[in-house]
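Student: Sequence and predicted structure are below.
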Amino acid sequence: MRYVLKYHVDGVWNSLKKQAESITVPNLVLLRLCTDDYSGYWDVHERAGEIGLPTIEGFDARVLKIVRCPYIEEIKKALVEKKSFNYRWKDYSVKGYLKNDEFRAWFIVETEHSYYLLDGMHALWKER
């Protein structure tokens, strides 16, 4: 979740930023105390959600420069201005829009992987 805080743009994915800020030492200690009897990753993952910690899978991040995105500057500008966008190239697409008073942006690999697009360059895995 440090990745979210590092690349957060004001007004974009504020809900993710709020989740990331909820990870504090006391909350991690509480998670540890609540999961001493749990055996596997998914048990701890589920318990984290139950006590209010985020359950985002932060182990897969992407950088649009690596996939040769030709629209990086346009995307960054749209994020700052909170303007909708939708671009496609090769097997990738990016889109951003305002929903429920929060600007949301996505990076999508056409094999159905989706990522939270944080700052126009960095993305964090959401789901398959």
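Tutor: Good, I have the coordinates. Numbers count the residues shown, from 1 in each chain.
Student: low pLDDT regions in the chain?
Tutor: Residues of the chain that meet the criterion pLDDT under 70 lie in 1, 27-29, 37-45, 53-59, 127-128.
Student: got the residue ranges for the strands in it?
Tutor: Listed in chain order, the strands of the chain (DSSP state E) span 61-63, 85-89, 92-99, 102-109, 113-117, 122-127.
Student: between those strands, which one is nearest to residue 26?
Tutor: For those, distance to residue 26 was read as CB to CB. The smallest value, 24.3 Å, belongs to strand 122-127. From N, CA and C alone the C-beta is placed, and that goes for glycine too.
Student: Give me the distance between that closest one and the centre of its chain.
Tutor: Here strand 122-127 is found 5 Å from its chain centre; the criterion is CA atoms, centre = their mean, to the nearest Å.
Student: do the same with stretch 117-128
Tutor: The answer for stretch 117-128 is 5 Å, by CA atoms, centre = their mean.
Student: Using CSV, write out every CA atom in it.
Tutor: Extracted C-alpha coordinates of stretch 117-128, given in CSV (Å, rounded to 0.1, in the frame of the first residue of the first chain):
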residue,chain,number,x,y,z
LEU,A,117,-4.0,3.4,-12.6
LEU,A,118,-2.6,5.7,-9.9
ASP,A,119,-0.7,8.6,-11.6
GLY,A,120,-0.7,8.0,-15.3
MET,A,121,2.4,5.9,-15.2
HIS,A,122,2.1,3.5,-12.3
ALA,A,123,-0.6,0.9,-11.8
LEU,A,124,-1.4,-1.6,-9.0
TRP,A,125,-3.1,-5.0,-9.7
LYS,A,126,-6.8,-5.2,-8.9
GLU,A,127,-8.1,-8.4,-10.3
ARG,A,128,-8.3,-10.9,-13.1
